[in-house]
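[1] Need a 3D model of the sequence below.
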Amino acid sequence: MPDRVPSQADFFDSDFCQHKNFWQKRKVSILTDMLFDIHNTKFARQVRRIATRHPVRKVLVTSVQVPRRDMKLERIFSRFMNTRHSVDFAPVRMMRGKGKFSNINTALARVNLSDYDWVVVTDDDVNLPYRFLDKFIPLCEIMDLKISQPAHRYHSHASFTFNYRKWNSIARVTRYVEDGPVTAFHRDAMAYLFPFPELRWAWATDIAFCDQAHRHNHNVGIVDYTAIEHLKPAGQDYPVGEARAEARAFLARRSLRPDRLDLFRNTEILRHIGNECLTYDVMV
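    As a prediction, this is how the structure comes out:
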């Protein structure tokens with residue numbers, strides 16, 4: 001599926017933020033995902049082989065506990081537990097008036113981050129594929145990703161069409177990774193990212209993450225093979241206008257001028273994992 005052509009207009013132009021998912025309105029999204037699932041079976045043996053051989057990692061999963069949604073978070077945590085990796089959890093009760101990453105900072109301040117290879121920040125409104133971490137973590141590491149996200153299925157509420165899974169791609173190095181609904185940070189990235197920016201609505205934190213990663217010559221990217229489904233669109237529970245204004249002010253303070261033509265592009269795409277080598281398409 002071709003990516004939508006990005007715009008040089010304001011990064012948060014509502015004409016390009018896909019909060020009301022184009023695909024979500026059409027039954028074709030389900031058929032598209034079925035086609036992707038069938039196609040991706042050709043990668044299954046390769047991914048299974050590296051997943052079973054990959055060293056066990058220590059993973060910390062953290063999330064904000066939203067009032068009256070405890071059962072949803074428990075369900076997500078149970079999916080993360082279905083793995084060969086060692087997983088701990090650091091939930092934090094939502095504090096009124098504080099944003100997502102302000103709350104996450106509180107949760108992470110209570111643990112020794114140096115004990116963990118990966119920190120995964122998750123929302124509670126996602127469906128994860130079976131044994132998600134077993135496949136996701138090795139694919140991140142063979143691509144040397146320091147900040148990563150699983151791609152979106154087509155029947156998923158994504159903010160940008162760029163984040164939908166890409167045809168004939170296992171994983172890809174990109175210029176941009178979104179700050180939700182599931183974002184993973186390697187210990188190398190946590191060394192300079194934590195504590196996270198404490199914005200009320202969290203918009204633009206991902207642009208700051210990626211900028212810092214590039215300054216450290218670190219890869220960021222998307223794992224297409226482990227695509228997830230986000231169950232509701234962003235921006236339903238808070239004022240989007242305020243979030244956009246806060247993001248623009250935050251970027252201005254950091255002298256960041258995000259350009260979609262630069263950020264929404266793939267620089268490497270992993271097409272094949274052989275016994276001896278990886279096969280990439282390198283994008284120019």
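
[2] The protein: helices as residue ranges?
    28-53, 70-81, 100-108, 132-142, 187-193, 205-215, 240-253, 260-263 (DSSP state H).

[3] which of those helices sits most buried?
    helix 132-142 (a mean of 23; mean count of other Cβ atoms under 10 Å). In this view, the C-beta of every residue, glycine as well, is placed from N, C-alpha and C.

[4] Tell me what angle that helix forms with helix 70-81.
    Going by axes from the mean of the first three to the mean of the last three Cα atoms, to 10 degrees, helix 132-142 is angled at 60 degrees with respect to helix 70-81.

[5] surely residue 92 meets residue 101?
    No - judged on Cβ atoms under 8 Å, residue 92 makes no contact with residue 101 at a distance of 10.9 Å.

[6] follow-up on the earlier one: now render the helices of the chain as JSON lines, adding distance to residue 173 and mean pLDDT.
    Output for the helices of the chain, formatted as JSON lines (distance: least, Cβ to Cβ, whole Å; pLDDT from 0 to 100):
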{"stretch": "helix 28-53", "distance to residue 173": "17", "mean pLDDT": "94"}
{"stretch": "helix 70-81", "distance to residue 173": "25", "mean pLDDT": "96"}
{"stretch": "helix 100-108", "distance to residue 173": "24", "mean pLDDT": "96"}
{"stretch": "helix 132-142", "distance to residue 173": "11", "mean pLDDT": "98"}
{"stretch": "helix 187-193", "distance to residue 173": "14", "mean pLDDT": "98"}
{"stretch": "helix 205-215", "distance to residue 173": "11", "mean pLDDT": "97"}
{"stretch": "helix 240-253", "distance to residue 173": "23", "mean pLDDT": "92"}
{"stretch": "helix 260-263", "distance to residue 173": "13", "mean pLDDT": "89"}
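
[7] who wins for proximity to residue 278 among those helices?
    helix 132-142 (6.5 Å; Cβ to Cβ).

[8] Who are the packing partners of the closest one?
    helix 28-53, helix 70-81, strand 118-122, strand 145-152, strand 171-174, strand 182-186, strand 219-230, strand 266-273 (3 or more Cβ pairs under 8 Å, 6 or more residues apart in numbering; DSSP states H and E).

[9] what's in contact with that helix?
    Outside of helix 132-142, the residues within contact range by Cβ atoms under 8 Å, 6 or more residues apart in numbering are 47, 50-51, 54, 57, 59, 79-80, 82-85, 87, 118, 120, 129, 148, 150, 170-171, 184, 186, 221, 223, 225-226, 228, 270, 273, 278.

[10] Kindly report the same for stretch 268-279.
    43, 46-47, 49-50, 139, 142-143, 166, 168-173, 280-283.

[11] same question, stretch 122-129
    Contacts of stretch 122-129 (Cβ under 8 Å, 6+ apart): 61-63, 66, 69, 72-73, 75-76, 79-80, 135, 150, 180-182, 226-232.

[12] at 7 Å what do you get?
    Defining contact as Cβ atoms under 7 Å, 6 or more residues apart in numbering, one finds that stretch 122-129 is touched by 61, 63, 66, 69, 72-73, 76, 79, 180-182, 226, 228-232.
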